[in-house]
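Trainee: Here is the input, now give the coordinates:
(one chain, ligands or ions: 2)
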Amino acid sequence: MAEIKIIKQETLSDKKYRLDFFEFEKTQNGKTEKQQREIYFRPSAAAILLFDPERKTVLLTRQFRLPVHLSHKKPDMIIEACAGVIDDGEFPEHAIVREVEEETGYRISEIRQVAEGFTSPASFMEYVYFFTGIYSSDMRVNEGGGKKDEGEDIELVEVSFSEARRMLEAGEIRDVKTILLLQHAALTGLL
Ligand SMILES: Nc1nc2c(ncn2[C@@H]2O[C@H](COP(=O)(O)OP(=O)(O)O[C@H]3O[C@H](CO)[C@@H](O)[C@H](O)[C@@H]3O)[C@@H](O)[C@H]2O)c(=O)[nH]1
Ligand SMILES: [Mg+2]
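Mentor: Numbers count the residues shown, from 1 in each chain. Ligands and ions are numbered 1, 2, ... in the order given. Predicted coordinates for the structure are as follows:
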């Protein structure tokens, strides 16, 4: 176990979520070294692979993401599993059911947690809970699309299991959360 002494902590940005600069001393195995790191305090989040076992389809989203655009990696619209930030005090299970209704318009009830973990532990505090969940046409309660007043403009992408598998293998899925969920589905024989 490392012993950590924070020498300096400076907030670089604090608009939506905090970005802090740290200078710290780490003592491990009798060796002490000084390090500098920038840490982004993104909250925990939840992501879900929605599937319809009857029609053998998965429901994904497509949206504009500024980092994808800035990377110049085309296309700048990215396909993702439905995901969102967990509100303060909210359970991951409740957050994902809420996000599914906001983003896709489906009110789901059957979900299963399949994994959880840090998405980028070197620099992000973000910790993501991963789920799979069943959707079907009778669960549709609105158009979805996300919160327009917060700038969300989410398109729904419904594909067959075989098309999802093809997209995964062809490298057309470029969001790591979504790759994890689709690989989980492929490994467990869902896709
Ligand atoms: N004003 C402002 N609003 C922001 C900012 N960042 C996000 N928002 C707003 O905050 C809301 C976040 O939407 P969610 O659905 O909760 O999160 P998400 O952006 O889809 O994030 C999910 O996917 C990310 C990328 O794959 C993940 O990084 C994230 O943890 C989560 O899983 C959106 O309404 C968005 O407009 C910001 O810097 N400024
Ligand atoms: Mg989202």
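Trainee: Now name the helix or strand holding the nearest residue to residue 60 once chain neighbours are set aside.
Mentor: Nearest non-adjacent residue to residue 60, counting by CB to CB, 6 or more residues apart in numbering: residue 157, 4.5 Å away. Placement of C-beta: from N, CA and C, glycine included. Secondary-structure assignment from DSSP states H and E places residue 157 in strand 155-160.
Trainee: So the residue sitting furthest away from the middle of the chain versus residue 2, what's the distance?
Mentor: In terms of distance from the mean C-alpha position of the chain, residue 30 ranks first, at 37.9 Å (CA atoms, centre = their mean). Distance check for residue 30 against residue 2: by CB to CB, to the nearest Å, it reads 11 Å.
Trainee: give me the number of residues near the residue in the chain that ligand 2 sits nearest to?
Mentor: At 4.1 Å from ligand 2, residue 84 is the closest residue in the chain, using CB to the ion. Residue 84 is flanked by 19 other residues according to other CB atoms under 10 Å.
Trainee: same check, this time on residue 131
Mentor: 26.
Trainee: Provide a list of residues in contact with it.
Mentor: Residue 131 makes contacts with 46-49, 92-93, 96, 111-114, as judged by CB atoms under 8 Å, 6 or more residues apart in numbering.
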